[in-house]
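Q: model the structure of this input:
(chains A and B)
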Amino acid sequence: MSHNTNKADKIKEISGANPLKCMKCGKCSATCPAFDEMDIKPHQFVSYVINDDIEALASSKSLWKCLSCFACIERCPRDVQPGKLIDAARQIVIREKGADYLKADEIPELLDEELPQQLLVSAFRRYRR
Amino acid sequence: MKYTYYPGCTLRTKAKDLDTYARKCAQALGFELEEVENWQCCGGVYPLGSDEIATKLSSVRVLNEAKEKGQDLVTLCSACHHVIKRVNDDMKNVADIQTRANNYMKLQEPYKGETNVLHFLEVLRDRVGFDNLKKMVTNPLTGKKIGAYYGCLLLRPGEILAFDNPENPTIIEDFIKAIGATPVIYPYRNECCGGYISLKEKDMAKSMCDTIVESAKGFGAQMLITACPLCMYNLNKNTVGDVPVYYFTELLAEALGVKEDAE
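A: Have a look, this model is predicted:
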């Protein structure tokens, strides 16, 4: 448990967010454009951090579905910043060696003629270390 | 008026139009864009982690260059604007990031967020003025029904971007009016296009972009305008393509009668 607690603390530290401010109104999930694709929804994500259940978050699909579009952050009435918690969990995963969500080898087949450089640099920053 | 200008990686490659038209328009409107020397890519997305310092440094370099020149910094790509504006806020208000970034930079005088960062649209609104812009339009786009596509990067977080009301923005609609066309308000104009998700989650990007374009079409938009190369790509790539998407600078160049010069 202490190992997990450390990770929960790390998530709070990296994100600078305080999940305890959450009043569970669900507005973050209601406004999330990726809601349908997420196994752990944004409001649940906050509860998982409160409960130190970090292993579930680390293996969650939600990490790779979040767009960091800041809709949840903008619209949260309590300034909990769920999107920042999700990004911090993503950071914890990709900072481990070999845990990148995007491998260099798979990139060539994902490219097309019009694909802007901006997309690649953004994906690199969110998906790998 | 002279501004320091940061084009960013995509404006040199896949989004040359966004840049070329903007430069022509600036000339026509009487302000100068002086490109930052040896600029580096902003990284595309803002590094959210409070312990991420190295990934914020390319923005700090650009911000400091503008400060040394005593000029405001103008951006054009929504992503670059978002990243640089947020890093600037960190350098001004987050003591830990300010200290650590300056330790890396070893500048003669530490950078503390002094530079004023303006998106090209803000220059049009706050410096040129939409009323003046309207007077300078020689070829008004009368009768065109245009939907503004803001996306997420220009507006949120509203407190830091301070670009416009994040839930009910008007700046691009006012721009559309200034060039003589009719703005179309539709509910998805400030929702995300999917951004980088379209690399690996194509179905998801497709469904998000379909929703946006269908919404705009339903409210009568004949075309959409954007300031973001990635929004442009996603909206073109992930929909059937019956609503054309343009960079706002292309329509501005057309309205100012300088479009051909740029081509």
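Q: domains of chain A?
A: Listed by automatic domain parsing, the domain ranges of chain A are A:2-96, A:102-129.
Q: deepest of these, which one?
A: Greatest average neighbour count among those goes to domain A:2-96 (a mean of 19), per mean count of other CB atoms under 10 Å in any protein chain shown. In short, each C-beta sits where N, CA and C put it, glycine included.
Q: that older thread, would you mind giving the domains of chain A as a markdown table with distance to B:Ala181 and mean pLDDT added?
A: Converted to a markdown table, those look like this (distance: least, CB to CB, whole Å; pLDDT from 0 to 100):
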| stretch | distance to B:Ala181 | mean pLDDT |
| --- | --- | --- |
| domain A:2-96 | 27 | 94 |
| domain A:102-129 | 26 | 94 |
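Q: can you list these in a markdown table and add distance to chain B?
A: Listed next are those as a markdown table, based on distance: least, CB to the nearest CB, whole Å:
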| stretch | distance to chain B |
| --- | --- |
| domain A:2-96 | 3 |
| domain A:102-129 | 3 |
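Q: just the strands in the chain please.
A: This is for chain A. With DSSP state E, there are no strands along chain A.
Q: wrong one, chain B
A: B:2-6, B:32-35, B:73-75, B:117-119, B:145-148, B:182-184, B:223-226, B:245-247.
Q: return the most buried member of those strands.
A: Using mean count of other CB under 10 Å, strand B:73-75 ranks as the most buried of these, with a mean of 26.
Q: list the helices and strands it packs on?
A: The helices and strands touching strand B:73-75, judged by 3 or more CB pairs under 8 Å, 6 or more residues apart in numbering or on different chains; DSSP states H and E, are strand B:2-6, helix B:57-69, helix B:78-93, strand B:117-119.
Q: now render these as JSON lines, adding mean pLDDT and distance to A:Leu20.
A: Output for those, formatted as JSON lines (pLDDT from 0 to 100; distance: least, CB to CB, whole Å):
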{"stretch": "strand B:2-6", "mean pLDDT": "98", "distance to A:Leu20": "39"}
{"stretch": "helix B:57-69", "mean pLDDT": "98", "distance to A:Leu20": "32"}
{"stretch": "helix B:78-93", "mean pLDDT": "98", "distance to A:Leu20": "23"}
{"stretch": "strand B:117-119", "mean pLDDT": "98", "distance to A:Leu20": "33"}
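Q: specify the residue positioned farthest from the middle of chain B.
A: B:Gln108 (30.9 Å; CA atoms, centre = their mean).
Q: out of everything not next to it in sequence, what's closest to the residue nearest in space to the middle of chain A?
A: Geometric centre of chain A, nearest residue: A:Ile86, 2.5 Å, by CA atoms, centre = their mean. Leaving aside its sequence neighbours, A:Ile86 sits nearest to A:Cys66 (CB to CB, 6 or more residues apart in numbering or on different chains; 4.6 Å).
Q: swap in B:Gly113?
A: Using CB to CB, 6+ apart, the closest residue to B:Gly113 is B:Lys92 (2.6 Å).
Q: that neighbour is in contact with B:Tyr111, isn't it?
A: No. Judged on CB atoms under 8 Å, B:Lys92 makes no contact with B:Tyr111 at a distance of 9.5 Å.
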